[in-house]
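Asker: Need a 3D model of the following:
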Amino acid sequence: MASKHHVRAKKHLGQHFLNDESIAQDIVHGLTLHNSYKNVLEIGPGMGVLTKYLLESTEYKTYVIDIDTESIAYLKKNYPDLEDHVISGDYLQLDVQALLGNNHAVIGNFPYNISSQIFFKILEDKAQVPEIVCMLQKEVAERLASPPGNKSYGILSVLLQAYYKIDYLFTVEADKFNPPPKVRSGVIRLRRNEVERLDCDEKMFKRVVKQGFQNRRKTLRNALKPLNLPEQVQEMDLLNQRAEQLSVADFVGLTQEITKWSK
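Answerer: Residues are numbered from 1 along each chain as shown. Coordinates of the predicted model:
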């Protein structure tokens, strides 16, 4: 195995390479729904600290994708077991279904600067992604797993929790990386729930959630004014609350009412 410093961490790619093997194993062991998929896609493998443990499994095939050509070259040289499963490219532009088929898990130490974009992409592919295990900036990880009523609960919390059960697994200190980031990290697991489609207009649902949180200190009655809510909806007691107080079911119910009275 080549030197751990073979790939230079690139600031513009948000790269911080995990250098603790036991934590790498714990992240990989976070994948548990092996009977739900035959392929696992690792995003941003770097020098393969997770990859080596993914390759130990006989329950699924491991694919890796990285935009860093230096990392791609390193992986091809040092992990021949990956064969032709090394993808040089941008996950955000990837036609996942064409490459991996119907069901696959996603894992990775996500680059902190594009983690939200990765999740929006996963939401697009949610029918094919039953499980995700990933490491993020600690505050972001906590936000995604946060229940309603918490100040960290936000847009992506609601959109993801509509389709996934999210568990915060553990915290990783900055000194476990090279170079160390300026923040602590958190590992979360997302497991697909039973909801295939929300019981409302999903486009309107997203609009309501995003608009509600754009002015999160305001009550929904004020925050949702740009949507020109029907008069019947404006009378709802629910609008006296702030967006962070509403559960996914509350947002679904509100969206139903908006759609009903907008016709």
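Asker: mind listing what the residue nearest to the spatial centre of the chain touches?
Answerer: When C-alpha atoms, centre = their mean is applied to the chain, the residue found nearest the centroid is Phe119 (3.7 Å). Residues counted as contacts of Phe119 (C-beta atoms under 8 Å, 6 or more residues apart in numbering) are 144, 156, 160. C-beta coordinates here come from the backbone N, C-alpha and C atoms, glycine included.
Asker: JSON lines for these, including pLDDT?
Answerer: Converted to JSON lines, the contacts of Phe119 look like this (pLDDT from 0 to 100):
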{"residue": "Leu144", "pLDDT": "97"}
{"residue": "Leu156", "pLDDT": "96"}
{"residue": "Leu160", "pLDDT": "98"}
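Asker: Now the closest residue to Leu224 other than its chain neighbours: which helix or strand?
Answerer: Nearest-residue entry for Leu224: Gln211, 5.6 Å, with adjacent residues in sequence omitted and distances by C-beta to C-beta, 6 or more residues apart in numbering. If you go by DSSP states H and E, Gln211 is part of helix 202-214.
Asker: For that helix, list the C-alpha coordinates in PDB.
Answerer: In PDB, the C-alpha atoms belonging to helix 202-214 read as follows (Å, rounded to 0.1, in the frame of the first residue of the first chain):
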ATOM      1  CA  GLU A 202     -44.800  17.300  -3.600                       C
ATOM      2  CA  LYS A 203     -43.800  20.400  -5.500                       C
ATOM      3  CA  MET A 204     -46.000  22.600  -3.300                       C
ATOM      4  CA  PHE A 205     -44.700  20.700  -0.200                       C
ATOM      5  CA  LYS A 206     -41.200  21.800  -1.100                       C
ATOM      6  CA  ARG A 207     -42.300  25.400  -1.800                       C
ATOM      7  CA  VAL A 208     -44.100  25.600   1.600                       C
ATOM      8  CA  VAL A 209     -41.100  24.100   3.500                       C
ATOM      9  CA  LYS A 210     -38.500  26.300   1.800                       C
ATOM     10  CA  GLN A 211     -40.600  29.500   2.200                       C
ATOM     11  CA  GLY A 212     -41.500  28.700   5.800                       C
ATOM     12  CA  PHE A 213     -37.800  28.400   6.800                       C
ATOM     13  CA  GLN A 214     -36.600  31.400   4.800                       C
END
